[in-house]
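> Please work out how this folds:
(one chain, ligands or ions: 2)
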Amino acid sequence: MNAKICFIGAGNMAKSLIGGLLASGYEAKNIIATDPSEEQRQALGSQFAIESFADNNEALMHADIVVLAVKPQILRNVCAEISSTVQAGSPLVLSIAAGIRTDDIDRWLGGNLPIVRTMPNTPALIQTGATGLFANARVNDEQKSQAEHIMRATGLTLWVDTEAKIDAVTALSGSGPAYYFLFMEAMENAAEKLGLDHKTAHLLTMQTALGAAKMVMESHQDCAQLRANVTSPNGTTQKAIEHFESKQLREIVEGAMTDAYQRAQELADELGGDA
Ligand SMILES: NC(=O)C1=CN([C@@H]2O[C@H](COP(=O)(O)OP(=O)(O)OC[C@H]3O[C@@H](n4cnc5c(N)ncnc54)[C@H](O)[C@@H]3O)[C@@H](O)[C@H]2O)C=CC1
Ligand SMILES: O=C(O)[C@@H]1CCC=N1
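Ligands and ions are numbered 1, 2, ... in the order given. Have a look, this model is predicted:
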């Protein structure tokens, strides 16, 4: 693939995608990025040998693919600013903005555009991300594979067939890293109360999380079976699991993810729409 990709916004997520693309052999001359912040452009220039611009329209002039990587709250204004250049070039539009629907982006950009909406997550920063993708009806097969190629540079990619499912992806893998961080924080704190020093508690928590995740990925056994393997009859794990179950851990997780899902839909209504 040698399409010219233009990132609008050169913050954390854009830099992780650019880093991933370059590491996977994508040519630096085919990647450009924009950012009004000189500091961000300098940071970009010191990390990667790609061209950067302060002016979105100037950068977009020759782009085959535009990646919208600004904060959701400013996306509407950015789209208004670039709409005539986008209409002139009709590039594939890829959005990584949380909670903004393809119909809104399309309307803000002047209409009739192929748009892929994605939901990455922060482990993309270390090329261990997980991204859900949704394509609107104007995206063709070649453009789908281009979008997938870009997002795969930072980890796993999975397509969903309705846009509402992107909100479910947001509740799962988009926000999910924070759930694991919270659980790890709680384990560390509990271990310290049981007498371990902070460093020991931290190291054992991290290694346990990594080991558990690797086992799920590599052992060909499902989570319930792996849990059963740790749980000796009438042993320590059984006591802990019984405690979790008696406090309705599963219902707590379902409630949290349902709240996240509903918030994703509310955000789309608040930031999108005609207002
Ligand atoms: N943090 C997360 O877990 C996730 C974030 N995202 C999405 O990724 C997108 C980017 O997020 P981050 O990289 O974390 O934000 P960031 O704040 O690091 O980067 C945004 C960049 O946009 C630049 N910018 C501001 N105004 C601009 C303009 N008019 N034109 C061009 N660039 C402009 C800023 O200077 C900044 O460098 C957001 O829409 C966010 O919703 C998506 C999934 C997960
Ligand atoms: O918390 C949020 O709204 C965004 C979406 C997924 C991760 N961060």
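
> thought Gly110 was touching Gly89?
No. No contact is recorded between Gly110 and Gly89 when judged using Cβ atoms under 8 Å, the distance being 11.6 Å. Any C-beta I mention is one placed from the backbone N, CA and C, and that applies to glycine too.

> Quick check: end-to-end length of stretch 149-165?
Using Cα to Cα, to the nearest Å, the end-to-end distance of stretch 149-165 comes out at 21 Å.

> can you check stretch 157-170 too?
For stretch 157-170, the end-to-end distance is 13 Å (Cα to Cα).

> Name the residues of it that are buried.
Under the neighbour-count criterion of 16 or more other Cβ atoms under 10 Å, stretch 157-170 has 157, 160, 166-170 buried.

> Where do the strands of the stretch 51-200 of the chain begin and end?
51-53, 65-68, 92-95, 115-119, 129-135, 155-159 (DSSP state E, counting those that start in this stretch).

> Can I get these in CSV including mean pLDDT and distance to Glu27?
CSV is the format used below for the strands of the stretch 51-200 of the chain (pLDDT from 0 to 100; distance: least, Cβ to Cβ, whole Å):
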stretch, mean pLDDT, distance to Glu27
strand 51-53, 96, 12
strand 65-68, 98, 14
strand 92-95, 98, 18
strand 115-119, 97, 21
strand 129-135, 97, 22
strand 155-159, 97, 21
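
> Could you dump those into a markdown table with distance to His198 added?
As requested, the strands of the stretch 51-200 of the chain are exported to a markdown table (distance: least, Cβ to Cβ, whole Å):
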| stretch | distance to His198 |
| --- | --- |
| strand 51-53 | 41 |
| strand 65-68 | 40 |
| strand 92-95 | 41 |
| strand 115-119 | 34 |
| strand 129-135 | 29 |
| strand 155-159 | 30 |
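
> how about TSV for those, with distance to ligand 2 added?
Formatted as TSV, the entries for the strands of the stretch 51-200 of the chain read as follows, by distance: least, Cβ to the nearest ligand atom, whole Å:
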stretch	distance to ligand 2
strand 51-53	25
strand 65-68	15
strand 92-95	13
strand 115-119	7
strand 129-135	11
strand 155-159	15
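
> out of these, which comes closest to ligand 1?
Minimum separation from ligand 1 across these (Cβ to the nearest ligand atom) falls at strand 115-119, 5.7 Å.

> what's the neighbour count on Ala63?
Per other Cβ atoms under 10 Å, the neighbour tally for Ala63 reads 22.

> From the contact counts, what lies against the lowest-mean-pLDDT helix or strand in the chain?
Counting by mean pLDDT, DSSP states H and E, the chain has its least confident helix or strand at helix 12-23, which shows a mean of 92. Using 3 or more Cβ pairs under 8 Å, 6 or more residues apart in numbering; DSSP states H and E, the elements in contact with helix 12-23 are strand 5-8, strand 31-34, helix 38-47, helix 141-152.

> returning to what we had before: now the two most distant members of the buried residues of stretch 157-170.
Looking at those by Cβ to Cβ, the two members farthest from one another are Thr157 and Asp167, with 17.6 Å of separation.

> Check the spacing between Arg152 and Ala14 real quick.
Counting by Cβ to Cβ, to the nearest Å, the separation of Arg152 from Ala14 is 16 Å.

> no wait, Thr205
31 Å.

> Next: Arg107.
The spacing between Arg107 and Ala14, counted by Cβ to Cβ, is 24 Å.

> more neighbours, those two?
More neighbours sit around Ala14 than around the other of Arg107 and Ala14, counting by other Cβ under 10 Å; the figures are 22 against 17.
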